[in-house]
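J.: fold the following.
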Amino acid sequence: MQIPDSYNPVAREIAEALIAGFNKHYRLFSEVNRGAKALFEDGDWQGIQQMVRDRIQLYDERVAETTERLRTGFHAELLDDEIWQQAKLYFVGLLTNHKQPELAETFFNSVFCRILHRDYFHNDFIFMRPAISTEYIESDPPTYRSYYPATAGLRRTLTQIVRDFGWRRPFARLSRDIGCVLRTVRAHLEGEWPALEANFQLQVLSTAFYRNKTGYIIGKVINGGAVYPFAVPVLHGADGRLYLDTVILEPWRIGVLFSFSRAYFLVDMEVPSGYVQFLRSMLPTKSKAELYTMLGLQKQGKNIFYRDFIHHLKHSNDDFTVAPGIRGLVMLVFTLPSFPYVFKLIKDVFGRTKEVDHATVKAKYLLVKRHDRVGRMADTLEFSNVAFPKARFTEELLNELRTLAPSLIEEGEDSLVIRHLYIERRMKPLNLFLAAASPAEKERAVRDYGDAIKELASANIFPGDMLFKNFGVTRYGRVVFYDYDEIEYMTDCQFRDIPPAPNPEYELSGEVWYPVAKNDVFPEEFGTFLLGDAEVRRIFMKHHADLLSARFWQERQARINSGVIEDFYPYPHEMRFVNHFAHRYARRESAIAVAALEG
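T.: Residues are numbered from 1 along each chain as shown. Got it, this is the predicted structure:
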């Protein structure tokens, strides 16, 4: 960008309006995050879920508000290029001592892209590249607290770490929980423990991470060049007092907490880049885009994701191609083999069995974005007006786009612009996975498929179309739902048994002899289209036969309607300390019984 010889006062006012719009957004965003602590302390789980839903809308509301201010106050769409370039320069100057400069740059882009044509979407006018470094921004209070157990002792230090979060609600038996943490860490580190115990530092992020019914303490142990990450879930007991549920030590398990199939965290943070930098030192396989997104800053996550995608395109040469698997009736899906995501757009004409339109499908995807995904629904990144290099598209894919979604594409000589699409992490479709699975893999996948449906049902989600092709298998072997055009709230469905036929002829005719309303669901029918494979049927009936009865679904509905919010643990049940207590209690009772017999 060339710096103009003279500055226009309108450019400065535009920059100031933009920074004021962003500052208002982040102030409201922070107020929501700060409120999560009180809701957690009060056990207001529905309040936390509502807070996550409401927070998602804040960004778009402020962008729309700021866009309108620029249109009405400055006729922004009519300003010449020089004023916009000057506005960007002024804006950079306003970020010199800012605590969230990278987020402010993204906000600038969001507003600008609503006003001007995509011909201006390059670094002369928007922040295609970041202008301000976030490496050494100071936070007050600091991003993390440091502890030195050599001074006070490890047990006392761990106790202090927990108390420093200042939860008003008391712990049931914190000393007992700390003892469990110590035993678990010693067992995990084995031979490394003596050297570690002698000289190390603990760094803990200053604020807790809240999601659903859990607060998480996130930190790392530093011993010379070695780094040991950890996460400690804090839960409410039946008596309302707090307890430490487990300690998670494997980096990949901590990474699961930040999975794309889970709801975003509520975290109070003055300098989000500091939190992302800290988390990346613990979880090097997680990208900045993923971490910003999981901290509730999904627009920043999208911005970084797109930069990474453009960088990948420049350093790869494979072609976009139609995604493998059974073609969908609503979504057209394509992929770039070297890039671990799929691109999905809504077709112009749906299959004859689908009674939805574009607006309905978009509403379904927004429902998933705002809902608790309980580790069973893939998150999506939604984009508009994305330009792709046309030469990188196979002829088969171009023909499908022209035939099935012509309203969503704009072809130039060298580029192809898609007006609206979703991007999801690529997974192996469950139907393809089962076709090639070993007996043991098939057993695990079918069982986890049923578990996924049950967990979604407990979270008030009915998948609608439960065909295996609509579920994927993650790299950790977990089954996740990813096709949302028929998704419904459980509470909007009517689960029914099929009434007896009036006579055998009705049953043999194949015709329906009973009235069916729009949201009626007959679970007995699921087996007909799901369980054609004999081995799959055997496994399914062994573990999940209850899914074929209306009673199961009606009971889940009743729990939802009564206000019950179920517990979902992003770690195996056997890791929970409660198992240690149960085992010790059983041993004690056994010893008492033996002593009684001997006495």
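
J.: flag every buried residue along stretch 33-50.
T.: By 16 or more other Cβ atoms under 10 Å, the buried positions in stretch 33-50 come out as 33, 35-37, 39-40, 45, 48-49. No exception for glycine: its C-beta is placed from N, CA and C like everyone else's.

J.: assign Tyr210 to helix, strand or coil.
T.: Here Tyr210 is strand, with the state taken from DSSP: H, G, I helix; E, B strand; the rest coil.

J.: which residues of the chain score low on pLDDT?
T.: 1-7, 117-122, 191, 193-199, 352-354, 504-511, 580-599 (pLDDT under 70).

J.: so Asn212 is in contact with Ala263, correct?
T.: Yes. Because the distance of 6.9 Å satisfies Cβ atoms under 8 Å, Asn212 is recorded as touching Ala263.

J.: got the domain boundaries for this protein?
T.: According to automatic domain parsing, the chain is divided into the following domains: 9-120, 144-311, 316-426, 430-561.

J.: how long is the third one from one end to the other?
T.: With Cα to Cα, to the nearest Å applied, domain 316-426 spans 18 Å between its terminal residues.

J.: could you do the second one as well?
T.: Start and end residues of domain 144-311 are separated by 32 Å (Cα to Cα).

J.: figure out how far the helix or strand hosting Glu16 is from the centre of its chain.
T.: Element membership for Glu16 (DSSP states H and E) is helix 9-42. Distance, stretch centre to chain centre, for helix 9-42: 22 Å (Cα atoms, centre = their mean, to the nearest Å).

J.: buried residues in that helix, which are they?
T.: Applying 16+ other Cβ under 10 Å to helix 9-42 flags 10-12, 14-15, 17-19, 21-23, 25-26, 28-30, 32-33, 35-37, 39-40 as buried.

J.: what's the closest non-adjacent residue to Ala437?
T.: Leaving aside its sequence neighbours, Ala437 sits nearest to Ala445 (Cβ to Cβ, 6 or more residues apart in numbering; 6.2 Å).

J.: the one you found reaches Phe433, doesn't it?
T.: Yes. The criterion here is Cβ under 8 Å, and Ala445 meets it with Phe433 at 6.0 Å.

J.: out of these two, which sits in the more crowded spot?
T.: Neighbours were counted for Ala445 and for Phe433 using other Cβ atoms under 10 Å; Ala445 has more, 23 against 20.

J.: neighbours of Leu182, how many?
T.: For Leu182, the tally of surrounding residues (other Cβ under 10 Å) stands at 15.

J.: check whether it really touches Leu154, as I assumed.
T.: Yes. Leu182 lies in contact with Leu154 (Cβ under 8 Å); the separation is 6.9 Å.

J.: tell me the contacts of the nearest residue to Val271 once chain neighbours are set aside?
T.: Computed as Cβ to Cβ, 6+ apart, the closest residue to Val271 that is not its neighbour in sequence is Ser139, at 4.1 Å. Applying Cβ atoms under 8 Å, 6 or more residues apart in numbering to Ser139 gives the contacts 99, 269-271, 274.

J.: now do the SS call for Ser139.
T.: What three-state DSSP gives for Ser139 is coil.

J.: gap between it and Leu18?
T.: In this view, Ser139 and Leu18 are 23 Å apart by Cβ to Cβ, to the nearest Å.

J.: quick one: residues contacting Glu441.
T.: Listed by Cβ under 8 Å, 6+ apart, the contact set of Glu441 reads Phe433.

J.: ok, now with 6 Å
T.: Counting by Cβ atoms under 6 Å, 6 or more residues apart in numbering, Glu441 makes contact with nothing.

J.: for stretch 341-358, give the distance from the opening residue to the closing one.
T.: Terminal residues of stretch 341-358 lie 22 Å apart, using Cα to Cα.

J.: touching that stretch from outside, list them.
T.: When contacts are defined by Cβ under 6 Å, 6+ apart, stretch 341-358 is touched by residues 323, 329-335, 361, 404-405, 407-408, 421-426, 485.

J.: now do the helices in the stretch 301-450 of the chain.
T.: For the stretch 301-450 of the chain, helices defined by DSSP state H, counting those that start in this stretch occupy the ranges 358-370, 395-404, 430-436, 439-458.

J.: dump the ones you listed to JSON lines, plus distance to Asn303.
T.: Shown next, in JSON lines, are the helices of the stretch 301-450 of the chain (distance: least, Cβ to Cβ, whole Å):
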{"stretch": "helix 358-370", "distance to Asn303": "17"}
{"stretch": "helix 395-404", "distance to Asn303": "25"}
{"stretch": "helix 430-436", "distance to Asn303": "32"}
{"stretch": "helix 439-458", "distance to Asn303": "30"}
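
J.: closest to Cys113 out of these?
T.: helix 358-370 (18.9 Å; Cβ to Cβ).

J.: if you count neighbours, what's buried in that closest one?
T.: 361, 364-365, 367-370.

J.: out of the residues you listed, which is nearest to Arg559?
T.: Comparing the buried residues of helix 358-370 against Arg559 with Cβ to Cβ places Leu367 closest, at 20.2 Å.

J.: next up, the contacts around the closest one.
T.: With Cβ under 6 Å, 6+ apart, Leu367 has no contacts at all.
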